[in-house]
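Q: Structure for this input, please:
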Amino acid sequence: MKHTEIASELFSKGYYCSQAVLAAFADELGIAREQALKVGACFGGGMCKAEVCGACTGALMALGLKYGMCEDRDFDSKQRANSYAVRFLDEFAKQNGSYICRELLDCDISTDEGKACARAKGLFASKCPKLIESAVLIAEGLINE
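A: Numbering: from 1, shown residues only. Below you'll find the model as predicted:
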């Protein structure tokens, strides 16, 4: 199954965008899907504050698993991971107009009114899946470099 299909399926089952994106890459990046779902659990909806899109944070966590620093003083890895994070966010914003949840949805889903707005507009069913797919495809390209 493709990464985009895994992420889409998980999101359709009620997982947050952050969980769906990270879990789509879990097996190949050395963590169990259950771990990925738990790690990504507090990042959906822009960390519940409509900040950085959860699909982006899930992708950034995947990039961290691939390129992140894990040995003391390995500043080359640290710099490499930062570079991938910036490249990811720049490309996501280029493709989608922003990487901030409230800007992407034009609703502040950190509030009850904003959630109602997003539901009324059908954004969780129409816009969010496209953002998830975008995040997965950009991350996939960077992971496969």
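Q: List the buried residues for stretch 98-110?
A: Neighbour-count burial for stretch 98-110 flags Tyr99, Cys101, Arg102, Glu103, Leu104, Leu105, Cys107, Asp108, Ile109, Ser110 (criterion: 16 or more other CB atoms under 10 Å). Yep, even glycine has a C-beta here, placed from its N, CA and C like the rest.
Q: and the spatially most central residue of the chain, what element?
A: With distances taken as CA atoms, centre = their mean, Ala55 lies nearest the centre of the chain, 2.2 Å away. Using DSSP states H and E, Ala55 maps to helix 54-67.
Q: rewinding a little: compile the buried residues of stretch 98-110 into JSON lines and extend it with columns for distance to Glu9.
A: Supplementary listing: those in JSON lines, determined by distance: CB to CB, whole Å:
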{"residue": "Tyr99", "distance to Glu9": "23"}
{"residue": "Cys101", "distance to Glu9": "22"}
{"residue": "Arg102", "distance to Glu9": "26"}
{"residue": "Glu103", "distance to Glu9": "27"}
{"residue": "Leu104", "distance to Glu9": "22"}
{"residue": "Leu105", "distance to Glu9": "22"}
{"residue": "Cys107", "distance to Glu9": "25"}
{"residue": "Asp108", "distance to Glu9": "28"}
{"residue": "Ile109", "distance to Glu9": "22"}
{"residue": "Ser110", "distance to Glu9": "26"}
